[in-house]
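> whatever this is, show me its structure:
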Amino acid sequence: MKTVGKLPLKLLTTLVLVFLFIQGSFRGSVAVEVMSPTPTPVAEVNSFELFWPMVAGRTVEDPLFFLKRLKENLRGWLIFSPSKKADYSVFLLTKRVLEAEKLINQSRKDPAQKTLILAQGELAAGDKNLTKALENKDVSGDVRSNMVKRLNNLETFLKWFIPKSGEEYKSNLEDLLGKVQSMTGKL
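Purely as a prediction, here's the structure:
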(Lines give C-alpha, C1' and ligand atoms only; values in the text may rest on other atoms or scores of the structure.)
Protein backbone atom coordinates (compact mmCIF):
# COMPACT_ATOMS: atom_id res chain seq x y z
CA MET A 1 0.00 0.00 0.00
CA LYS A 2 1.37 3.44 -0.98
CA THR A 3 1.75 5.99 1.84
CA VAL A 4 2.48 9.69 2.07
CA GLY A 5 4.28 10.32 5.30
CA LYS A 6 2.51 7.94 7.69
CA LEU A 7 -0.96 8.16 6.05
CA PRO A 8 -2.14 5.74 3.36
CA LEU A 9 -2.61 7.47 -0.01
CA LYS A 10 -6.36 6.59 -0.22
CA LEU A 11 -7.06 8.00 3.26
CA LEU A 12 -5.16 11.19 2.47
CA THR A 13 -7.03 11.61 -0.83
CA THR A 14 -10.38 11.06 0.91
CA LEU A 15 -9.57 13.61 3.60
CA VAL A 16 -8.56 16.22 1.01
CA LEU A 17 -11.76 15.64 -0.99
CA VAL A 18 -13.95 15.87 2.16
CA PHE A 19 -12.19 19.09 3.15
CA LEU A 20 -12.69 20.61 -0.31
CA PHE A 21 -16.37 19.55 -0.35
CA ILE A 22 -17.04 21.04 3.08
CA GLN A 23 -15.18 24.24 2.26
CA GLY A 24 -17.02 24.62 -1.06
CA SER A 25 -20.43 24.08 0.50
CA PHE A 26 -19.87 26.80 3.08
CA ARG A 27 -18.67 29.34 0.56
CA GLY A 28 -22.02 29.58 -1.14
CA SER A 29 -23.95 29.98 2.09
CA VAL A 30 -21.95 32.79 3.70
CA ALA A 31 -23.69 36.15 3.42
CA VAL A 32 -21.57 39.22 2.93
CA GLU A 33 -22.77 42.30 4.76
CA VAL A 34 -21.55 45.66 3.57
CA MET A 35 -20.96 47.92 6.53
CA SER A 36 -21.13 51.67 6.33
CA PRO A 37 -18.08 53.46 7.73
CA THR A 38 -18.30 54.23 11.42
CA PRO A 39 -16.12 56.60 13.42
CA THR A 40 -13.02 54.98 14.81
CA PRO A 41 -13.30 54.77 18.59
CA VAL A 42 -10.43 56.18 20.62
CA ALA A 43 -8.35 53.30 21.85
CA GLU A 44 -8.25 52.83 25.58
CA VAL A 45 -4.75 53.40 26.92
CA ASN A 46 -3.50 51.31 29.80
CA SER A 47 -0.45 52.75 31.55
CA PHE A 48 0.50 49.33 32.91
CA GLU A 49 0.81 47.89 29.40
CA LEU A 50 2.30 51.04 27.89
CA PHE A 51 5.06 51.46 30.48
CA TRP A 52 5.54 47.90 31.74
CA PRO A 53 7.53 46.98 33.83
CA MET A 54 7.32 50.45 35.42
CA VAL A 55 4.63 51.10 38.01
CA ALA A 56 3.92 54.01 40.33
CA GLY A 57 5.11 52.39 43.54
CA ARG A 58 5.59 54.82 46.41
CA THR A 59 4.12 58.29 45.99
CA VAL A 60 4.83 61.66 47.64
CA GLU A 61 2.30 60.77 50.35
CA ASP A 62 4.33 57.78 51.45
CA PRO A 63 6.59 58.49 54.44
CA LEU A 64 9.42 56.56 52.74
CA PHE A 65 9.16 58.47 49.45
CA PHE A 66 12.24 60.50 50.41
CA LEU A 67 14.28 57.27 50.34
CA LYS A 68 13.07 56.57 46.82
CA ARG A 69 14.10 60.08 45.73
CA LEU A 70 17.46 59.75 47.51
CA LYS A 71 18.17 56.49 45.66
CA GLU A 72 17.17 58.10 42.34
CA ASN A 73 19.38 61.12 42.99
CA LEU A 74 22.38 58.97 43.97
CA ARG A 75 21.93 56.91 40.83
CA GLY A 76 21.72 60.09 38.74
CA TRP A 77 24.95 61.44 40.21
CA LEU A 78 26.72 58.29 39.04
CA ILE A 79 25.77 58.95 35.42
CA PHE A 80 28.30 61.19 33.67
CA SER A 81 27.24 61.31 30.02
CA PRO A 82 24.74 64.12 29.26
CA SER A 83 22.79 61.86 26.88
CA LYS A 84 22.49 59.12 29.50
CA LYS A 85 21.54 61.72 32.11
CA ALA A 86 18.80 62.92 29.73
CA ASP A 87 17.61 59.34 29.24
CA TYR A 88 17.56 58.81 33.00
CA SER A 89 15.56 62.01 33.45
CA VAL A 90 12.98 60.75 30.95
CA PHE A 91 12.86 57.49 32.91
CA LEU A 92 12.21 59.44 36.13
CA LEU A 93 9.67 61.64 34.33
CA THR A 94 7.79 58.50 33.36
CA LYS A 95 7.79 57.35 36.99
CA ARG A 96 6.45 60.74 38.16
CA VAL A 97 3.68 60.65 35.53
CA LEU A 98 2.68 57.16 36.68
CA GLU A 99 2.67 58.33 40.30
CA ALA A 100 0.54 61.34 39.35
CA GLU A 101 -1.91 59.06 37.52
CA LYS A 102 -2.21 56.89 40.62
CA LEU A 103 -2.85 59.91 42.86
CA ILE A 104 -5.32 61.49 40.41
CA ASN A 105 -7.24 58.23 40.18
CA GLN A 106 -7.36 58.17 44.00
CA SER A 107 -8.65 61.78 44.04
CA ARG A 108 -5.57 62.99 45.94
CA LYS A 109 -5.38 66.50 44.48
CA ASP A 110 -2.53 68.13 46.44
CA PRO A 111 -0.12 65.17 46.24
CA ALA A 112 -0.97 64.77 42.53
CA GLN A 113 -0.15 68.45 41.87
CA LYS A 114 3.12 68.12 43.82
CA THR A 115 4.02 65.05 41.75
CA LEU A 116 3.28 66.89 38.50
CA ILE A 117 5.65 69.66 39.62
CA LEU A 118 8.33 67.03 40.26
CA ALA A 119 7.65 65.64 36.78
CA GLN A 120 8.18 69.08 35.26
CA GLY A 121 11.52 69.28 37.07
CA GLU A 122 12.61 65.92 35.63
CA LEU A 123 11.54 67.04 32.17
CA ALA A 124 13.49 70.31 32.47
CA ALA A 125 16.62 68.43 33.60
CA GLY A 126 16.24 65.95 30.75
CA ASP A 127 15.77 68.71 28.19
CA LYS A 128 18.85 70.57 29.48
CA ASN A 129 21.01 67.43 29.32
CA LEU A 130 19.65 66.51 25.89
CA THR A 131 20.54 69.96 24.54
CA LYS A 132 24.06 69.60 25.95
CA ALA A 133 24.38 66.08 24.49
CA LEU A 134 23.21 67.22 21.06
CA GLU A 135 25.69 70.11 21.08
CA ASN A 136 28.48 67.63 21.89
CA LYS A 137 27.14 65.07 19.39
CA ASP A 138 27.00 62.63 22.30
CA VAL A 139 23.69 60.86 21.58
CA SER A 140 24.22 57.23 20.60
CA GLY A 141 21.64 55.28 18.61
CA ASP A 142 20.62 53.15 21.60
CA VAL A 143 20.10 56.11 23.92
CA ARG A 144 18.23 58.00 21.20
CA SER A 145 15.88 55.09 20.39
CA ASN A 146 15.25 54.43 24.09
CA MET A 147 14.37 58.08 24.72
CA VAL A 148 12.18 58.32 21.62
CA LYS A 149 10.26 55.22 22.70
CA ARG A 150 9.70 56.54 26.22
CA LEU A 151 8.74 60.02 25.01
CA ASN A 152 6.34 58.61 22.40
CA ASN A 153 4.70 56.45 25.07
CA LEU A 154 4.42 59.47 27.35
CA GLU A 155 2.85 61.49 24.52
CA THR A 156 0.33 58.71 23.79
CA PHE A 157 -0.54 58.41 27.47
CA LEU A 158 -0.83 62.15 28.13
CA LYS A 159 -3.06 62.72 25.10
CA TRP A 160 -5.38 60.03 26.42
CA PHE A 161 -5.14 60.99 30.11
CA ILE A 162 -5.61 64.78 29.90
CA PRO A 163 -9.36 64.68 29.14
CA LYS A 164 -9.89 61.97 31.78
CA SER A 165 -7.94 63.63 34.58
CA GLY A 166 -10.13 66.64 35.33
CA GLU A 167 -9.87 70.39 34.90
CA GLU A 168 -7.63 70.96 37.94
CA TYR A 169 -4.83 68.92 36.31
CA LYS A 170 -5.38 69.89 32.68
CA SER A 171 -2.97 72.85 32.58
CA ASN A 172 -0.04 70.97 34.17
CA LEU A 173 -0.60 67.89 32.00
CA GLU A 174 -0.91 69.93 28.80
CA ASP A 175 2.31 71.74 29.70
CA LEU A 176 4.04 68.38 30.20
CA LEU A 177 2.66 67.13 26.87
CA GLY A 178 3.94 70.18 25.00
CA LYS A 179 7.41 69.86 26.51
CA VAL A 180 7.49 66.10 25.82
CA GLN A 181 6.62 66.79 22.18
CA SER A 182 9.29 69.51 22.00
CA MET A 183 11.90 67.17 23.44
CA THR A 184 10.90 64.42 21.02
CA GLY A 185 11.29 66.89 18.17
CA LYS A 186 14.91 67.50 19.16
CA LEU A 187 15.70 63.82 18.74
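> can you pull out the low-pLDDT segments for the protein?
In the predicted model of the chain, residues 1-7, 9, 12, 15-42 satisfy pLDDT under 70.
> which is the next helix or strand following the longest helix seen in it?
Identified as the longest helix of the chain according to DSSP state H is helix 109-135. Next helix or strand after helix 109-135 toward the C-terminus (DSSP states H and E): helix 141-165.
> now do that next one against helix 109-135, angle only.
Here helix 141-165 points in a direction 150 degrees away from that of helix 109-135 (axes from the mean of the first three to the mean of the last three Cα atoms, to 10 degrees).
> how about helix 141-165: buried residues?
Neighbour counts over helix 141-165 (16 or more other Cβ atoms under 10 Å) mark 143-144, 146-147, 150-151, 153-155, 157-162, 165 as buried. For glycine as for every other residue, the C-beta is placed from the backbone atoms N, C-alpha and C.
> so which elements touch that helix?
Counting contacts by 3 or more Cβ pairs under 8 Å, 6 or more residues apart in numbering; DSSP states H and E, helix 141-165 packs against helix 47-51, helix 82-105, helix 167-186.
> distance from it to the middle of the chain?
Taking Cα atoms, centre = their mean, to the nearest Å, one finds the center of helix 141-165 at 6 Å from the center of the full chain.
> now swap in stretch 174-187 and tell me
On Cα atoms, centre = their mean, the centre of stretch 174-187 falls 15 Å from that of its chain.
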